[in-house]
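Participant: got a predicted structure here, sequence first:
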Amino acid sequence: MSVPKFYIGDIVELKKQHPCGNKQWEITRLGIDIKIKCLGCGHQVMLPRIKFEKSVKKIIQSKQNQDTEN
């Protein structure tokens, strides 16, 4: 199974929605812990990478793809 690569600025959809009703998050920090920001209310959360990777449903917009297209 291939491990998805995440980049700062990627927009991801998580399996569970945030209490504000939004499922889309922006990645703002990468490392052992990953910091994400809710695109609905702006709330920021830090998660361990393993927990984050398990809760990602799909990558909606990848920053890496945008950089290679321009």
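Facilitator: Received the coordinates, thanks. Numbering: from 1, shown residues only.

Participant: quick check: buried residues in stretch 4-19?
Facilitator: Within stretch 4-19, the residues scored as buried using 16 or more other C-beta atoms under 10 Å are 6, 10-12, 14, 18. C-betas here are computed from N, CA, C, even on glycine.

Participant: now, which of those sits nearest Lys63?
Facilitator: Taking C-beta to C-beta as the measure, Lys63 lies nearest Asp10 of these, at 5.2 Å.

Participant: that closest one touches Glu26, doesn't it?
Facilitator: Yes. At 7.2 Å, Asp10 counts as touching Glu26 under the criterion of C-beta atoms under 8 Å.

Participant: ok, back up a step: I'd like the buried residues of stretch 4-19 as CSV, with pLDDT appended.
Facilitator: Below are those laid out as CSV (pLDDT from 0 to 100):
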residue, pLDDT
Phe6, 91
Asp10, 95
Ile11, 96
Val12, 96
Leu14, 94
His18, 90
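
Participant: got the residues you listed as TSV, with secondary structure and distance to His43 columns?
Facilitator: Output for those, formatted as TSV (DSSP: H, G, I helix; E, B strand; the rest coil; distance: C-beta to C-beta, whole Å):
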residue	secondary structure	distance to His43
Phe6	coil	19
Asp10	coil	18
Ile11	strand	15
Val12	strand	15
Leu14	strand	13
His18	coil	7
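
Participant: in CSV: the residues you listed, plus distance to Ile32.
Facilitator: Below are these laid out as CSV (distance: C-beta to C-beta, whole Å):
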residue, distance to Ile32
Phe6, 13
Asp10, 17
Ile11, 22
Val12, 18
Leu14, 19
His18, 23
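
Participant: farthest-apart pair in the residues you listed, please.
Facilitator: Phe6 and His18 (18.5 Å).

Participant: sorry, back to before: for the buried residues of stretch 4-19, which one is nearest Ile50?
Facilitator: Checking those one by one against Ile50 (C-beta to C-beta), the nearest turns out to be Phe6, at 12.7 Å.

Participant: quick one on the thing from earlier: between the buried residues of stretch 4-19, which is nearest Gln44?
Facilitator: Once C-beta to C-beta is applied, the member of the buried residues of stretch 4-19 that ends up nearest Gln44 is His18, at 11.2 Å.
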